[in-house]
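Asker: can't give you the sequence, but here's the structure:
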């Protein structure tokens, strides 16, 4: 009986948690504008706040790509570059977003790196720089290895001889890492 209970829990829990998270994101995002819309326009339509935010961000993205926005972006960047603490925060967040969803995605080349030759231990990561770094006449490749169940990770400088390219989509590699290896992935590797 207990085994069936656990099996039922394993079937329902991931779906329930996913629905709950989506619901919380929806209510939070929709709630950002719902109070304003109710007070000023007497409109109470669920989802309207999200729609307005989505349209606003699309329009902002379109304007941001035009020549008119360049001077404003340059001015904001100059101000942020001159303020040390803000520069650190802004550049870190900007690089993180660019790495995952920007035009210059950095986590698009999943690899396996050999971290212990004696015990044949490997770690999955992503090449973040195409140009090798030269240290003591060694050409080293920059590989970021995320931790399981989190968004942090470690950066390694690895000789290319210790790297094998993974022949899987980057999203599958990230899902495998984040899940702690629980999500099944069919690995095919080739020498870098």
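Answerer: Perfect, I can see it now. Small disclaimer: the values here were computed from a predicted structure and weren't measured. Numbers count the residues shown, from 1 in each chain.
Asker: element containing residue 158?
Answerer: strand 153-159 (DSSP states H and E).
Asker: quick one: average pLDDT of that strand?
Answerer: If you average the pLDDT over strand 153-159, you get 88.
Asker: do you know how far residue 26 is from residue 60?
Answerer: Look at residue 26 and residue 60: by CB to CB, to the nearest Å, they are 21 Å apart. For glycine as for every other residue, the C-beta is placed from the backbone atoms N, C-alpha and C.
Asker: those two - which one has more neighbours?
Answerer: residue 26 (14 against 11; other CB atoms under 10 Å).
Asker: the more buried one contacts residue 50, doesn't it?
Answerer: Yes - Residue 26 lies in contact with residue 50 (CB atoms under 8 Å); the separation is 6.8 Å.
Asker: tell me where this protein has helices.
Answerer: In the chain, the helices defined using DSSP state H lie at 2-41, 48-64, 70-82, 84-101, 170-178.
Asker: tell me which of those sits most buried.
Answerer: helix 170-178 (a mean of 17; mean count of other CB atoms under 10 Å).
Asker: if we can go back for a sec, what's the strand holding residue 158 packed up against?
Answerer: strand 110-116, strand 121-127, strand 138-146 (3 or more CB pairs under 8 Å, 6 or more residues apart in numbering; DSSP states H and E).
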